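[1] My questions are about this predicted structure, shown below with the sequence.
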Amino acid sequence: MTIVACTFGDPTASGEVEELLTLARRLSESNASDLRWLVAGSAPRAAVEELAAAYGVATVDRIDDPKLEGAAPDASVEALAQYCASRPPATLLLSQTFDARLVAPRLAGRVNATVMMNAVDVENDVGTVRVTVSAYGGDTRAVYELTGDGPHVIGVMANATAPERSSGATPVINDVSVDLSRIEERIRIVERTPEQGPRLEDANIIVAGGRGLGSADKFHHVEDLAEALGGMAAASRPIVDDGWADPSRQIGLTGKVARPALYIAAGISGASQHMAGCSAAKTIVAINRDPDAPIFRYARYGIVGDCIELLTELTNAVKAR
Amino acid sequence: MRIVVCAKEVLDPDAVNSYAVAGRLEIGEDGRTITQAAIPRLMNAYDEQAIEAALRIRDAGVECTIAVVSVGGDQADVLKQAAAMGADEIATITVDTSTVDYHVAARLLAAYVEHSGGADLILCGRQASDDDQGVVPALIGEALGIPVITIARAVEVTSDAARVTRVTPNGEEIVEADLPAVVTISNELGLPRYPTTAGRIAARRMQANVLSPDDLGLTPDDLQPRVALTKQFVPQVQGNCEMLSGDSPAQIASDLIERLRADQVLP
């Protein structure tokens, strides 16, 4: 029985690798399975060694091939399929990044594996893998049992596990070769308009606005406070759908997943769909007219009141210093 | 050109949200099924947008047949709505949905495509708003050996290629793939059209093509689920919220800033 944690590219680029390795290690310890970390694409060797040692992963398999550069779904699926054929894992866990959300089910289809996405927990029971996933936009948790010998391909949501270090031996790093010579990506990129400037995913302070702002012309109050705090402005999905804010500002299950130190939510009710994108914030401040809004359950500090007034006063208070 | 759109009926996610937030979501004795009769069933909103994407292709002047298919014998409302929106054909695959996992669903839909005259383009919602899995489109693509483009905001087709605007975390990108292809549609596509009265009348006359797995050449082995839902519950959130109040918004604001500084959240 082998459990493989699979990541793509530079593992230092996000906080998700640490979470995935923690979950994979716990799973492997629970039923004495082998644990391997599969690193696909180019990744700095020193960083991989350091992370593997810090998270108790003894064996690292590296697949590096020029065809894996960038988002390359056909090459990624083929590389992982060849890997699974040569050393079949019982369970293959992937961090559920935007690209992995496509690669995971395609890999499952290719190698006839079962697949589950949105996992928040994975347990091994005798002969059965039990996966707890988020459903209904985070309103419910669903528990699924996967039968058969696997492989089971499982996408693990960001923030599912708090990273926990574990000392281990110096990791052994194997270079695994795959043959991608016949792969030509079937999806051709015609044009990319990369977002300019800082990313919400990396922001330390985020001020987000929702329907409670009242109208599109009020979104600047969110931007004003964000600017005063040296942070970034964000939005809930309903106001993005209504055109009050740019889609690139959207936080949530179908938007961006952020992990700021401070998240100020103004006029956002706190639907699970939204919280999926910000619940990892260290401190959440909620401003809402409705004292029963679910957002207060997640918040450290709550203010019941008019969010425009409060955003304005907060901006003044920050600037006054 | 033939466009197949896959559609699914779900419990209204907004209603589920309201009950879940109020702590009143009812899970049945089996421990996994939401049993609230008051929660309406409706077409998965992303699937509605997938139908809209197909109709926009037709509006752009592409000669095409739009077929909408759903899995399960209880999808009449979804198919009527699809017909009223403007689908040319509607089809249902009669199977007990409680034993259909994602793998079986994808196999049934891929078999439908193969048995119904093929498809140049398969459109699906990016995910179903009940289970949020979003794996069926990719599994269909693998079953048919065709490319899968996810999270589209706009889809255009030429005679042999699809040109798709995708919404990615790093900004928009425009990609192309040869047809046939699977494309999944996201909410950024915009609102689906409301059926016209003429559309509704025409829909009443349209008969669904009713197919069994047997009609699609599938055996009982092909229908063996490997993923089973065993439990469902509403996660508890541990709150420790401190409510701030004061004489004026200005006072509350400065109180909050003080506290965030004391907590070292702000410098």
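    On my side now, so go ahead.
[2] which residues of the stretch 1-150 of chain B fall in helices?
    B:13-21, B:45-59, B:76-85, B:102-115, B:136-144 (DSSP state H, counting those that start in this stretch).
[3] do the same with the stretch 51-200 of chain A
    With DSSP H, counting those that start in this stretch as the criterion, the stretch 51-200 of chain A has helices spanning A:73-86, A:100-111.
[4] Tell me the helices and strands packed up against the last one.
    What that stands for is helix A:100-111. Applying 3 or more C-beta pairs under 8 Å, 6 or more residues apart in numbering or on different chains; DSSP states H and E, one finds that helix A:100-111 makes contact with helix A:73-86, strand A:91-95, strand A:114-125, strand A:152-156, helix B:102-115, helix B:136-144, strand B:148-157. All C-beta spots, glycine's among them, are computed from the backbone N, C-alpha and C.
[5] what angle do the fourth one and strand A:114-125 make?
    Using axes from the mean of the first three to the mean of the last three C-alpha atoms, to 10 degrees, the direction of strand A:152-156 lies 90 degrees away from that of strand A:114-125.
[6] and strand A:152-156, C-alpha only, in PDB?
    Only the C-alpha atoms of strand A:152-156 are listed here, as PDB (Å, rounded to 0.1, in the frame of the first residue of the first chain):
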ATOM      1  CA  HIS A 152      -8.100   6.500  -5.600                       C
ATOM      2  CA  VAL A 153      -7.400  10.000  -6.900                       C
ATOM      3  CA  ILE A 154      -8.300  12.600  -4.300                       C
ATOM      4  CA  GLY A 155      -8.200  16.400  -4.600                       C
ATOM      5  CA  VAL A 156      -7.700  18.100  -1.300                       C
END
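[7] so does that strand get close to chain B?
    No - judged by C-beta under 8 Å from any C-beta of the partner chain, strand A:152-156 stays clear of chain B, getting no closer than 8.7 Å.
[8] In contact with residue 53, which residues?
    I'll assume chain A. A:Ser167, A:Gly168, A:Thr170, A:Pro171 (C-beta atoms under 8 Å, 6 or more residues apart in numbering or on different chains).
[9] look at chain B instead
    B:Leu123, B:Ala152, B:Ala154, B:Val155, B:Val183, B:Ile185, B:Leu189.
[10] closest to A:Gly137 among these?
    Nearest to A:Gly137 out of these is B:Ile185 (C-beta to C-beta; 17.4 Å).
[11] With the flanking residues excluded, which residue is spatially nearest to the closest one?
    B:Ala50 (4.3 Å; C-beta to C-beta, 6 or more residues apart in numbering or on different chains).
[12] same thing with A:Leu311?
    Leaving aside its chain neighbours, A:Leu311 sits nearest to A:His221 (4.1 Å; criterion: C-beta to C-beta, 6+ apart).
[13] what helix or strand does the one you found sit in?
    helix A:219-229 (DSSP states H and E).
[14] Check which element follows that helix along the chain.
    strand A:232-235.
[15] Dihedrals phi and psi, B:Arg166?
    Per-residue torsions, B:Arg166: phi -100, psi 150 (degrees, to the nearest 10).
[16] ok, now A:Tyr263?
    Taking degrees, to the nearest 10 as the convention, A:Tyr263 sits at phi -130, psi 110.
[17] Now do the nearest residue to it once chain neighbours are set aside: how many residues are near it, please.
    Once flanking residues are discounted, A:Tyr263 sits nearest to A:Ala281: 3.6 Å by C-beta to C-beta, 6+ apart. Around A:Ala281 there are 25 other residues, counting by other C-beta atoms under 10 Å in any protein chain shown.
[18] which residues of the stretch 101-250 of chain B fall in strands?
    B:121-125, B:148-157, B:161-168, B:171-178, B:181-185, B:209-211, B:227-233, B:242-244 (DSSP state E, counting those that start in this stretch).
[19] Any residue of the last one touching chain A?
    What it means is strand B:242-244. Yes - against chain A, strand B:242-244 shows contacts by C-beta under 8 Å from any C-beta at B:Glu242, B:Met243, B:Leu244.
[20] Can I get those residues in JSON lines including neighbour count?
    Below are the residues of strand B:242-244 next to chain A laid out as JSON lines (neighbours: other C-beta atoms under 10 Å in any protein chain shown):
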{"residue": "B:Glu242", "neighbour count": "9"}
{"residue": "B:Met243", "neighbour count": "12"}
{"residue": "B:Leu244", "neighbour count": "19"}
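[21] Just name the closest of the residues you listed to B:Leu79, please.
    B:Met243 (49.1 Å).
[22] Which residue comes closest to the closest one once chain neighbours are left out?
    Nearest to B:Met243 is A:Gly302, by C-beta to C-beta, 6+ apart, at 4.8 Å.
[23] which residue is nearest the middle of chain A?
    In chain A, the residue lying closest to the centroid (C-alpha atoms, centre = their mean) is A:Ala158, at 3.2 Å.
[24] Need the per-residue pLDDT for the one residue in chain B that gets nearest to chain A.
    Relative to chain A, the nearest point of chain B is B:Glu142 (2.8 Å; C-beta to the nearest C-beta). With respect to pLDDT, B:Glu142 scores 98.
[25] can you pull out the strands in the stretch 151-300 of chain A?
    Taking DSSP E, counting those that start in this stretch, the strands of the stretch 151-300 of chain A run over residues A:152-156, A:172-175, A:188-194, A:205-209, A:232-235, A:262-266, A:283-288.
[26] which stretch among those strands comes nearest B:Asp59?
    strand A:188-194 (22.4 Å).
[27] pretty sure the residue nearest to B:Ile185 is touching B:Cys124, no?
    Yes - using C-beta atoms under 8 Å, B:Ala50 is in contact with B:Cys124, at 5.7 Å.
[28] So the two - more neighbours on which side?
    Neighbours per residue, other C-beta under 10 Å: of B:Ala50 and B:Cys124, the larger number sits with B:Ala50, 32 against 29.
[29] Can you lay out the strands of the stretch 101-250 of chain B as CSV showing mean pLDDT and distance to B:Gly86?
    Below are the strands of the stretch 101-250 of chain B laid out as CSV (pLDDT from 0 to 100; distance: least, C-beta to C-beta, whole Å):
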stretch, mean pLDDT, distance to B:Gly86
strand B:121-125, 98, 13
strand B:148-157, 97, 16
strand B:161-168, 95, 20
strand B:171-178, 94, 25
strand B:181-185, 98, 16
strand B:209-211, 96, 17
strand B:227-233, 96, 34
strand B:242-244, 94, 51
